[in-house]
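Q: Test case, fold it:
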Amino acid sequence: MDPTSPAATVLDEVAGWAGITTQPTARGATAILFEGHELGHVHANRGTLDLPLPADRRPDVLEAGRAKEWFSGWVTKQIASRADADDGIAMLRESYDALRAPLASGARNQP
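A: Okay, the predicted model is just below:
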């Protein structure tokens, strides 16, 4: 992967977030994981970021033109520029923060 590509920008940024790991997928993408939950994956060869979004977030993202419907609750975002990368990072951050919120409140330690 070109280290200056928008795809590399996305991966470099999110890899620094606490608890984030990345791993290659069977289809040649790089998955972005937090606590076993996939936040999305980057296809560097296609310049796309695919993300699962909950039903309460997906319509706003689609209506704003930030991404396109992909399949079964997932959206896909073209990341052809730094602005695209920044917007993709923002969407990943929203998902990351939503997953971290229960951990921060201690909800995970409750029976």
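Q: partners of His41 in the sheet?
A: His41 has these beta-bridge partners by DSSP bridges: Ala31, Asp50.
Q: Any buried residues in the one helix or strand Val10 maps to, and which?
A: In the assignment (DSSP states H and E), Val10 maps to helix 6-15. By neighbour count with 16 or more other C-beta atoms under 10 Å, helix 6-15 contains the buried residues 6-11, 13-14. No exception for glycine: its C-beta is placed from N, CA and C like everyone else's.
Q: Can you list the strands that the helix or strand that it is followed by pairs with?
A: Counting by DSSP H and E, the element after helix 6-15 in chain order, helix or strand, is strand 20-24. If you go by DSSP bridges, strand 20-24 pairs up with strand 30-34 (antiparallel).
Q: Below-threshold pLDDT in the protein: ranges please.
A: Along the chain, the model assigns pLDDT under 70 to residues 1, 3, 103-111.
Q: residue ranges of the helices in it, please?
A: Assigned by DSSP state H, the helices in the chain fall at 6-15, 58-63, 82-105.
Q: Show me what the first one is packed against.
A: Okay, so that is helix 6-15. strand 20-24, strand 30-34, strand 37-43, helix 82-105 (3 or more C-beta pairs under 8 Å, 6 or more residues apart in numbering; DSSP states H and E).
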